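Asks: compute the structure for the input listed below.
(chains A and B)
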There are 2 protein chains.
Amino acid sequence: MGELIFVGLGLAGIGDLSLKALEALRECDVVFAEFYTSKATGFDQAELESITGKRMKVLSREEVETGNEVIEATRTGKVCFVTAGDPMAATTHVDLRIRAQESGIATRLVHGISIFTACASALGLQPYKFGRTVTLPFSEPGYSPTSPYENILENKARNLHTLILLDIKEEEGRYMTASEGVRWLLDAERRTGKGLIGDKTLICAAARIGSPSEKVIAAYPPDLISADLGPPLHAFVLPGRLHFMEARSLVTFAAAPQQILENED
Amino acid sequence: MGELIFVGLGLAGIGDLSLKALEALRECDVVFAEFYTSKATGFDQAELESITGKRMKVLSREEVETGNEVIEATRTGKVCFVTAGDPMAATTHVDLRIRAQESGIATRLVHGISIFTACASALGLQPYKFGRTVTLPFSEPGYSPTSPYENILENKARNLHTLILLDIKEEEGRYMTASEGVRWLLDAERRTGKGLIGDKTLICAAARIGSPSEKVIAAYPPDLISADLGPPLHAFVLPGRLHFMEARSLVTFAAAPQQILENED
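Replies: Okay, here's the model as predicted:
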């Protein structure tokens, strides 16, 4: 009986791979991957195949959800299932792990560098001051939920920061940009009018974290909407109350306006 | 003029090191480290020195806080500053980065695998359902704050999970265990009586995440207090409302009582 190892690729290129991940990929018999829940910046499949000596089969959403091919492959050998970031961030991966275990297959995690921590880190925001994370969905006709807005509002009422992830429609090659995300929030503000975000609400955006082309910027909404952060992935943070050191970090590394130093703790 | 690179070691042994981290350590001129804010399980300094070819100077709290030696070393070369987990989780690291930048020294982050993500992942809990993180401090005469208790209560009222980190007194070799942490919460419960935790409140504990001796267990307080999770580091999670998949994951991988499957979403 084989083994199923969930391997996190991290955020940016082959360099984010851990030594443990590299070893697992080199020693296994089959490698599957999925890139529809997230993707790693500058990640080159051919490069990974070359340094691990293993061909990698990229699975569709349906193939991951049924999981049959993955489970089947573990019957005869060691299988790696590769994802961007940390390998358990998506429910569907947890589901796959449970089903494997219930089929009598041993499972193991090889953790990866994750946006959930690295975004705070890149901005110099304290990780324990984040409330719940939200994801902004692309608007569809008849579908424009305001729950992410409400969740950010609740975090802010408790002086907490919010990590805001952005929708991915990998099949269509659409990745929501930070600029679109800010417009999303301004639109929700217009519809609900609860005072979460205005022209002088500081927002921190980050693009391609951990890659050589990483860009972080802390600015007010009008400036962020017109800022060009370049290609995906983007994420942003709507900060709660800033500690002095956090405000200084945003001014120093993310070109935040100097006046934020006057309001911090 | 040199460069100051903040390198995250990850959580468990040399294997958590990223390829990027290894490259930075091999190419730099001087390596400093601090292990008083956190430490990596099974990390062997001599092993790291051997694979990087660099001696590493471990700094005391005071040496990190003044930062003079680190800043001085960057005047003539490339310097790595190494920490467990992700390199910016502690305010003092952000402070050091700002001071370096203000002295005209370029800085860079090499992210690491962090407890902030990996603990959720090891348990199969959804990372975006966590509220703010708390740290339980060792009680001192005249110092027994209840703010961590209050913060967990606020998270739970919003159906959110809380990652609970445990105090470290590295100078004394003291690392709070999950069992001590549970007793800490029960004591706060007795003093405040707000109904956060009782005999049937599920708690998830994790020890040495990412290491070969990793242990995760989800149980009620009396069972957790008597459970032996082995050596540090420990962390635990007081879950909010569990999604079906989360409950199944806790039953499958953390030996949670079957009856939790009856209450989930």
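Asks: so how far is chain B from A:I168?
Replies: Applying C-beta to the nearest C-beta, to the nearest Å, the value for A:I168 to chain B is 14 Å. For every residue, glycine as well, the C-beta is placed using N, CA and C.
Asks: with A:T146 instead?
Replies: Taking C-beta to the nearest C-beta, one finds A:T146 at 17 Å from chain B.
Asks: one more: A:A89?
Replies: 6 Å.
Asks: which residues does that residue contact?
Replies: A:37-38, A:83, A:114, A:116, B:117, B:121, B:127 (C-beta atoms under 8 Å, 6 or more residues apart in numbering or on different chains).
Asks: okay, those in TSV with secondary structure and neighbour count next?
Replies: Formatted as TSV, those follow (DSSP: H, G, I helix; E, B strand; the rest coil; neighbours: other C-beta atoms under 10 Å in any protein chain shown):
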residue	secondary structure	neighbour count
A:T37	coil	17
A:S38	coil	21
A:T83	strand	26
A:S114	coil	28
A:F116	helix	25
B:T117	helix	28
B:S121	helix	28
B:P127	helix	25
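Asks: which two of the residues you listed lie the greatest distance from each other?
Replies: The distance between the two most remote of the contacts of A:A89 (C-beta to C-beta) is 14.6 Å, for A:T37 and B:T117.
Asks: in space, what's closest to A:V70 - neighbours in sequence excluded?
Replies: Leaving aside its chain neighbours, A:V70 sits nearest to A:F32 (5.5 Å; criterion: C-beta to C-beta, 6 or more residues apart in numbering or on different chains).
Asks: tally of neighbours for that neighbour?
Replies: 22 (other C-beta atoms under 10 Å in any protein chain shown).
Asks: any idea how far the helix or strand harbouring it is from the middle of the chain?
Replies: Element membership for A:F32 (DSSP states H and E) is strand A:30-34. In terms of C-alpha atoms, centre = their mean, to the nearest Å, the centre of strand A:30-34 is found 20 Å from the chain centre.
Asks: phi, psi of A:F35?
Replies: Main-chain torsions, A:F35, degrees, to the nearest 10: phi -130, psi 20.
Asks: same deal with the one 3 residues further on?
Replies: Taking degrees, to the nearest 10, you get phi -170, psi 170 for the backbone angles of A:S38.
Asks: for A:E49, same thing?
Replies: The phi and psi torsions at A:E49 (degrees, to the nearest 10) take the values phi -60, psi -40.
Asks: cool, and the one 10 residues further on?
Replies: As for A:L59, its main-chain torsions (degrees, to the nearest 10) stand at phi -90, psi 150.
Asks: so how far is chain B from the nearest residue to it once chain neighbours are set aside?
Replies: Distances taken as C-beta to C-beta, 6+ apart place A:E34 nearest to A:L59, at 5.0 Å, with adjacent residues excluded. Using C-beta to the nearest C-beta, A:E34 is found at 16 Å from chain B.
Asks: same deal with A:P127?
Replies: 5 Å.
Asks: do the same with A:E180
Replies: Separation of A:E180 from chain B (C-beta to the nearest C-beta) stands at 19 Å.
Asks: burial count for that residue?
Replies: Neighbours of A:E180 (other C-beta under 10 Å): 17.
Asks: same check, this time on A:A73
Replies: 20.
Asks: my guess is it contacts A:V30. True?
Replies: Yes: A:A73 lies in contact with A:V30 (C-beta atoms under 8 Å); the separation is 4.7 Å.
Asks: common neighbours of the two, please.
Replies: Each of A:V79 lies in contact with both A:A73 and A:V30 under the rule C-beta under 8 Å, 6+ apart.
Asks: domain map for chain A?
Replies: For chain A, automatic domain parsing gives the domain ranges A:3-110, A:115-263.
Asks: take these and lay them out in JSON lines including mean pLDDT.
Replies: Compiled in JSON lines, these are given as follows (pLDDT from 0 to 100):
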{"stretch": "domain A:3-110", "mean pLDDT": "95"}
{"stretch": "domain A:115-263", "mean pLDDT": "95"}
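Asks: redo these as a markdown table? Include distance to B:E262.
Replies: Listed next are the domains of chain A as a markdown table, based on distance: least, C-beta to C-beta, whole Å:
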| stretch | distance to B:E262 |
| --- | --- |
| domain A:3-110 | 17 |
| domain A:115-263 | 25 |
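Asks: quick one: closest of these to B:T252.
Replies: Once the domains of chain A are compared by C-beta to C-beta, domain A:3-110 is nearest, at 5.1 Å.
Asks: which residues of chain A fall in strands?
Replies: Under the criterion DSSP state E, chain A contains strands at A:3-8, A:30-34, A:56-58, A:78-83, A:106-110, A:134-136, A:162-166, A:168-169, A:174-175, A:203-207, A:215-219, A:234-238.
Asks: B:K78 is nearest to which of the ones you listed?
Replies: Nearest to B:K78, of the strands of chain A and by C-beta to C-beta, is strand A:215-219 at 22.2 Å.
Asks: before I go, just wanted to say thanks for your time.
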